[in-house]
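**Q** Here is my input, please return the structure:
(one chain, ligands or ions: 1)
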Amino acid sequence: MITSIKNLEIIDIPKVQDPRGNLAFIEKDIIPFHINRVYYLYDVPSSAHRGGHAHKKLYQVLVALSGSFEVHLKDGENETKITLNKPDKGLLIVPGIWREIGNFSSGSVCLVLASEEYDESDYIRDYEDFKLFKRT
Ligand code: T46
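**A** Numbering: from 1, shown residues only. I've put the predicted structure just below:
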C-alpha cells in the first residue's frame, strides 16, 4: 500500500462568522470522497487511547467539534503527531496509515466522516500485520 504521512491533509471547513456564534458547513466537494458514514467519539476519559489500527481502504476526516485531542500517525517509516482543536479544520487520513488518538480534553468530541460503512474486515489491528501490509 503506497501511502505515506505526506498524503495526510488538513482540510479547511468553510465557516460563517457571526456575533451570534459561528456556523461551519460541510457539503459536496469539501471532502475528497463520498461520505457513507458519520460517527463521533464523546465522553472520552483523558487517559483513554482510541484507534491503534490502520484501514485497508477507508478514507476518513477527523474534526475536533469540541475541545482537543492528539492524533499520532505512522506509515511504517515515518510518523507525525497532529493536534486537532478547531471545529473548522479536518484531518484527512488516507488508507494504510496507523493512527492512535489520545490526550482528549474534557468534553471533547471527535467527529469522523468516513468513506465506507463499518466493516471490521477493513481493519488492521496488529502493528506487525500493518508492516507486512505496507510491504505488499
Ligand atoms: C478510527 C477512529 C478514529 C461500530 O459498530 N460502528 C462504527 O462505525 C465504528 C467506528 C465502530 N463500531 C464498533 C466496533 C467496536 O465494537 O464500536 C466498537 C469500538 O470501535 P473501535 O475500537 O474501532 O473504536 P476506536 O475509537 O478505537 O476507532 C474508531 C474507528 O473504528 C476507527 O476507524 O479511525 O475511531
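**Q** From P19, how far out is the most centrally placed residue in the chain?
**A** In the chain, the centroid-proximal residue (CA atoms, centre = their mean) is L62; its distance is 3.5 Å. Shown here: L62 relative to P19, a distance of 29 Å by CB to CB, to the nearest Å. Backbone N, C-alpha and C define where each C-beta goes, glycine included.
**Q** now I31
**A** 28 Å.
**Q** of these two, who's got more company?
**A** I31 (18 against 5; other CB atoms under 10 Å).
**Q** Surely the more buried one and G90 touch.
**A** Yes: if you go by CB atoms under 8 Å, I31 and G90 touch, sitting 7.5 Å apart.
**Q** which neighbours do the two share?
**A** Contact criterion CB atoms under 8 Å, 6 or more residues apart in numbering; residues shared by I31 and G90: 11, 61, 113.
**Q** CSV for those, including distance to Y42?
**A** Formatted as CSV, the shared contacts of I31 and G90 follow (distance: CB to CB, whole Å):
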residue, distance to Y42
I11, 21
V61, 17
L113, 16
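**Q** Please tell me which one of these counts the most neighbours.
**A** Going by other CB under 10 Å, V61 tops those with 24 neighbours.
**Q** what residues are up against that residue?
**A** With CB under 8 Å, 6+ apart, V61 has these contacts: 11, 31, 90-93, 112-113.
**Q** With just CA atoms, put the one helix or strand it maps to into CSV.
**A** Using DSSP states H and E, V61 falls within strand 60-66. What follows is strand 60-66, C-alpha atoms only, in CSV (Å, rounded to 0.1, in the frame of the first residue of the first chain):
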residue,chain,number,x,y,z
GLN,A,60,-11.7,9.4,7.0
VAL,A,61,-11.8,13.0,8.0
LEU,A,62,-11.5,13.7,11.8
VAL,A,63,-12.8,17.0,13.2
ALA,A,64,-12.5,18.2,16.8
LEU,A,65,-16.0,19.6,17.1
SER,A,66,-15.3,20.5,20.7
